[in-house]
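>>> Here is my input, please return the structure:
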Amino acid sequence: MDKNVEIAVLCDVYGEMLTKKQLDVIDLYYNENLSLAEVAEEVGITRQAVKDSIQKGEKKLFRIRRKARNYEEITKTRKANTKDII
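Numbering: from 1, shown residues only. Model prediction:
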């Protein structure tokens, strides 16, 4: 999956778990296709702060997805084990 699409989907699913600024910056960068400099000007922060916010936001989204998948696997395993016992 293309990274832009992947980030957009993750924001739709888990975006509420990001800070407002992270979500806004990621939205402008990925969905509005603004450059780092354009996002910085729009939000009123430095280009480096935009880059840092995007990186932290992406990292958080991927970590949340990984934890959600782990939870699903554990839940499936427990359900399967419970069925075997009963």
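>>> so what does the worst-scoring helix or strand of the chain on mean pLDDT touch, helix or strand wise?
Every helix and strand in the chain was compared by mean pLDDT, DSSP states H and E; the lowest is helix 47-85, with a mean of 88. Packing partners of helix 47-85 (3 or more Cβ pairs under 8 Å, 6 or more residues apart in numbering; DSSP states H and E): helix 3-14, helix 20-26, helix 36-43. Just so you know, the C-beta spots here come from the backbone N, C-alpha and C atoms, and that holds for glycine as well.
>>> Go through the ones you listed and name the closest to Thr82.
Between Thr82 and the helices and strands packed on helix 47-85, the shortest separation by Cβ to Cβ is 27.8 Å, and it involves helix 3-14.
>>> correct me, but Lys56 touches Leu23?
No: at 11.6 Å, Lys56 does not count as touching Leu23 under the criterion of Cβ atoms under 8 Å.
>>> and those two? which has more neighbours close in?
Shown here are Lys56 and Leu23; by other Cβ atoms under 10 Å, Leu23 has more neighbours (18 against 15).
>>> gap between that one and Lys51?
Computed with Cβ to Cβ, to the nearest Å, the distance linking Leu23 and Lys51 is 16 Å.
>>> just Thr75 next, same as before
From Thr75 over to Lys51 the distance is 37 Å, taken as Cβ to Cβ.
>>> Show me which of these two is the more surrounded one.
More crowded of Thr75 and Lys51, by other Cβ under 10 Å: Lys51, with 15 against 10.
>>> Leaving out the residues flanking it, which one is nearest to that one?
Leu36 (5.8 Å; Cβ to Cβ, 6 or more residues apart in numbering).
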